[in-house]
Each structure stands twice: as structure tokens, then as C-alpha cells.
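[1] Turn this into a model:
(one chain, ligands or ions: 1)
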Amino acid sequence: MNIRGYEVTTALLFLGHVAVAEVCPLIIYATDDMRGKLPVKIMGHNWVLAKTTNVAAVANAGMGAGLANSFQQPGDKRIIASTKIVGGGENAVVQFSTARLERGVSYSYFCSAPGHFSIMKGRFVFNAAGSSSVAQR
Ligand SMILES: [Cu+2]
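    Down below sits the predicted model:
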């Protein structure tokens, strides 16, 4: 999987007036179709969101957790959101609360399969409703 093909589109659906919406549903659509044919045991991938400062530690802890845990240490509070690990032709959906996200904090999404996080990663920008900031690629 090429990380450049890992397009992430976010859609914010606001409930009520923006000024009072402290928690909004956030739906992420990853349009990478896992076009490869390799099964999950050979070349699986997932999507994990954490603070950028925690990426290496979360990925390293996930290695020990193994495939059965989608390479994520069970109960790891540093993981903000994640999918299960999927193989070629499979897909996954993630929905999570933005309550833990803070404006101005650096977040990254990455694949926690062993050795993948060093290249399969991207920046995740959280802009609170009404922010004048615009996410840059
Ligand atoms: Cu991967």
C-alpha cells in the first residue's frame, strides 16, 4: 500500500449551532481500497490515530500484541481511534469522538503493522469548529 494513496476525507456533521457543538460526529473515509491481493496474515494494514509524540511507542507496543490484536496493545490509552487490521480486498470503518482532540496538538495516523509506521503515516489536523485554521496537506 502506498501512503500517498491513503486519502482521508473528513466530514463534520454539526448538531445544532456550531458555537455550542462541543462534540461532533467525525466520519473518516479512507479511499484506499487495499487493492493488493495479499491476505491479512502476509500484508495487513490498519489505521491508528495517536498524538505524533506517541506514534513510535504505540507502534512498538502493538508489535508485541500481535496480529490477533490488530497490532494494537489492548487498552492502550494513547490510541485515540483505530481500525482492525485488514488484508487485500478488505475494508474497515472507524468512528470516534473528537472529545480527546485538542487544537494545536500534533496528531498522526499510521499503520501499526510491524515496521509499517515509518512510511505508512500522515498528519491528522484537528481544527475546532469556527477555527480560522485550515488543514494543510
Ligand atoms: Cu501497513
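[2] And what about residue 68, helix, strand or coil?
    helix (DSSP: H, G, I helix; E, B strand; the rest coil).
[3] roughly how far apart are it and the ion?
    Counting by Cβ to the ion, to the nearest Å, the separation of residue 68 from the ion is 16 Å. Yep, even glycine has a C-beta here, placed from its N, CA and C like the rest.
[4] Next one: that residue from residue 85, what distance?
    Here the distance between residue 68 and residue 85 works out to 10 Å (Cβ to Cβ, to the nearest Å).
[5] if you count what's nearby, which of the two comes out ahead?
    For residue 68 and residue 85, the more surrounded residue by other Cβ atoms under 10 Å is residue 85, and the numbers stand at 24 against 8.
[6] tell me the contacts of that one?
    Residues touching residue 85, when contacts are defined by Cβ atoms under 8 Å, 6 or more residues apart in numbering, comprise 40, 44-46, 67, 70-71, 112-113.
[7] Same check on residue 67?
    For residue 67, the set of contacting residues under the criterion of Cβ under 8 Å, 6+ apart consists of 40-41, 44, 85.
[8] just to revisit the earlier point, for the contacts of residue 85, name the two members farthest from one another.
    By the measure Cβ to Cβ, the contacts of residue 85 have their two most distant members at 40 and 112, which lie 13.2 Å apart.
[9] which residues in this protein form helices?
    Taking DSSP state H as the criterion, the chain contains helices spanning 40-43, 55-65.
[10] Pick the most deeply packed of those helices.
    Most buried of the helices of the chain by mean neighbour count (mean count of other Cβ atoms under 10 Å) is helix 55-65; its value is a mean of 18.
[11] any idea of the mean pLDDT in that helix?
    For helix 55-65, the mean pLDDT works out to 96.
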